[in-house]
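Undergrad: Provided below are the primary sequence and the corresponding predicted coordinates.
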Amino acid sequence: MLLGAIADDFTGASDLANMLARNGMATTLYVGVPEGDVAPAEAGVVALKTRSIAPGDAVRQSLDGLAWLQRQGAGQILFKYCSTFDSTPEGNIGPVAEALSAALDAGVAVVCPVFPATGRTLYQGHLFVGDRLLNESGMEKHPLTPMTDPDIRRWLRRQTRGEVGLVPYAVVRQGAEAIRAALAEIGKTAKLAVVDAVTDDDLKAIGAAIADARLITGGSGIAIGLPDNFRKAGKLGAGGTAYSGLSGPGVALSGSCSRASLAQLARHLEGHPGFALRPDAVMAGDVTVAAARDFVLSHADEAPIVHSSADPDAVKAAQERFGREAVAGAIERFFGTLAQELVAAGVTCIAVGGGETSGAVVAALGVRQLAIGPEIDPGVPALAGEAGARSIRLALKSGNFGASDFYAKALDVMGTSR
Ligand SMILES: Nc1ncnc2c1ncn2[C@@H]1O[C@H](COP(=O)(O)OP(=O)(O)OP(=O)(O)O)[C@@H](O)[C@H]1O
Ligand SMILES: O=C(O)[C@@H](O)C(=O)CO
């Protein structure tokens with residue numbers, strides 16, 4: 001293994017694995033930290049579910065991931081977090097980045113959530129989503145990690161012990177040499193440096209500048225230039241993937257409450273059957289997994305969708321009534337158990353909306369590792385894996401990723417017959 005990555009959620013892991021695979025690295029996604037060693041991959045991405053847990057637990061799990069990746073031979077480590085920098089003032093990006101940096105004795109590590117294909121750009125340390133600052137993009141109303149400050153350096157500084165530097169766009173535009181020099185200068189006083197970027201070319205220049213870095217942190221965009229470093233060093237094979245499509249019944253599960261997910265849900269419901277999960281019904285046990293399962297199975301050839309997604313006011317009301325973690329956990333458990341029962345009943349393709357929701361589904365299915373298939377929309381590949389004795393295909397969609405027809409397209413790409 002050349003590059004080892006630790007991702008703080010499952011959709012993020014699949015986004016990163018997609019980026020690495022598309023740029024020519026033989027890549028495998030591991031669900032959690034594997035026990036023992038695995039068949040070699042040039043890039044290994046360990047998917048954790050550490051974005052919204054207590055910082056101490058996130059650090060512990062990430063260090064476990066690091067130890068395992070190092071045992072597989074990875075000489076460069078990438079900590080993948082969200083392109084919208086999803087975190088709270090307490091963590092978890094800062095604590096995990098600092099812990100990895102200390103364990104690796106890493107020198108200065110870049111902090112770059114930029115992903116131009118999905119509109120995430122960074123200028124003077126301020127994160128944009130399309131033409132909006134992060135805190136006006138809808139992310140300020142995220143159910144678990146409301147992002148109320150677009151100044152990534154200031155937000156990260158609240159999470160870290162040490163200083164945070166900035167490599168501004170004027171330097172990035174000068175190319176790899178200038179970026180390398182700026183990082184070296186920042187490295188005299190800080191271990192983390194936010195780096196501006198607007199285009200894929202900027203990310204490639206940053207990638208070239210950090211070819212020798214032990215630790216890199218960012219969104220999937222920061223990985224654009226990394227395979228080239230290994231290619232130039234003559235270390236890459238032919239790439240390739242173990243993925244193939246699989247026909248059979250499919251379902252979409254939407255637990256994300258992001259703007260894009262709400263639009264995708266509305267679009268899917270125009271032509272496909274839907275089963276709504278209301279938080280109060282889930283909390284009271286008035287809606288059962290068996291009812292949702294039977295609904296899906298009775299519409300198995302119509303690409304049905306089961307959804308809890310709701311607008312920010314409804315989410316807020318549910319959180320105030322039941323508590324944020326309690327309602328999120330109950331809905332996630334519902335989706336996880338539902339996925340288990342559906343796969344046991346013969347469903348082969350599942351498209352999931354939302355990182356936490358994806359984590360719950362994949363964990364419940366007991367999938368250990370996933371091969372990377374074709375890209376459905378930017379940042380979302382089709383994935384192939386085994387749930388116990390059954391082969392399944394998955395698409396794990398980050399809340400804000402994907403075109404409005406994502407769910408139908410995802411089920412088509414994965415091979416659902418209908
Ligand atoms: N109606 C609802 N009311 C309150 N919470 C909800 C509701 N529906 C879903 N949730 C919870 O909100 C959270 C949504 O997070 P999730 O990570 O799945 O989506 P996302 O944040 O939009 O996606 P990503 O992390 O990929 O950007 C989950 O924990 C989910 O259980
Ligand atoms: O970077 C992103 O936006 C996604 O890969 C993600 O992390 C989704 O939760």
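TA: Structure's in. What do you need? Here the structure is a predicted model, which is why all the values come from computation and not from measurement. Ligands and ions are numbered 1, 2, ... in the order given.
Undergrad: where are the low-confidence patches of the protein?
TA: Scanning the chain for pLDDT under 70 picks out 239-240, 417-418.
Undergrad: residue contacts, the spatially closest residue to residue 84 that is not a sequence neighbour?
TA: Once flanking residues are discounted, residue 84 sits nearest to residue 139: 4.9 Å by CB to CB, 6 or more residues apart in numbering. Yep, even glycine has a C-beta here, placed from its N, CA and C like the rest. With contact set as CB atoms under 8 Å, 6 or more residues apart in numbering, residue 139 has these partners: 84, 86, 129, 146-147, 400.
Undergrad: next structured bit after the host helix or strand of residue 99?
TA: Here residue 99, judged by DSSP states H and E, is contained in helix 93-104. Downstream of helix 93-104, the next assigned helix or strand under DSSP H and E is strand 109-112.
Undergrad: ok, the residue nearest to residue 84 to residue 120 distance?
TA: 10 Å (CB to CB, to the nearest Å).
Undergrad: what sits in contact with each of these two?
TA: In contact with both residue 139 and residue 120: 84, 129, using CB under 8 Å, 6+ apart.
Undergrad: Quick check: residue 70 touching residue 6?
TA: No. If you go by CB atoms under 8 Å, residue 70 and residue 6 don't touch, sitting 11.2 Å apart.
Undergrad: how about the helices of the stretch 51-200 of the chain, start to end?
TA: Under the criterion DSSP state H, counting those that start in this stretch, the stretch 51-200 of the chain carries helices at the ranges 55-71, 93-104, 152-157, 169-172, 176-186, 200-209.
Undergrad: Of the ones you listed, give the one that comes closest to residue 345.
TA: helix 55-71 (32.1 Å; CB to CB).
Undergrad: And the closest one, how far out from the chain middle?
TA: Distance of helix 55-71 from its chain centroid, counting by CA atoms, centre = their mean, to the nearest Å, is 17 Å.
Undergrad: tell me what it is packed against?
TA: Here helix 55-71 touches strand 3-7, strand 43-47, strand 76-80, helix 93-104, going by 3 or more CB pairs under 8 Å, 6 or more residues apart in numbering; DSSP states H and E.
Undergrad: Pick the most buried one from the ones you listed.
TA: Across these, averaging neighbours per residue (mean count of other CB atoms under 10 Å) puts strand 43-47 on top, at a mean of 30.
Undergrad: angle of that one against strand 76-80?
TA: Angle of strand 43-47 versus strand 76-80, following axes from the mean of the first three to the mean of the last three CA atoms, to 10 degrees, is 40 degrees.
Undergrad: Strand 43-47 pairs with which strands?
TA: Note on strand 43-47: by DSSP bridges, its sheet partners are strand 3-7 (parallel), strand 27-31 (parallel).
Undergrad: Just send those strands back as TSV, with distance to residue 322 too.
TA: Output for those, formatted as TSV (distance: least, CB to CB, whole Å):
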stretch	distance to residue 322
strand 3-7	29
strand 27-31	28
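Undergrad: if we can go back for a sec, which neighbours do residue 70 and residue 6 have in common?
TA: Joint contacts of residue 70 and residue 6 (CB under 8 Å, 6+ apart) are residue 77.
Undergrad: is any part of the helix or strand where residue 394 lies close to ligand 1?
TA: Taking DSSP H and E as the criterion, residue 394 maps to strand 390-397. No. Judged by CB under 6 Å from any ligand atom, strand 390-397 and ligand 1 are separated, with a smallest distance of 7.2 Å.
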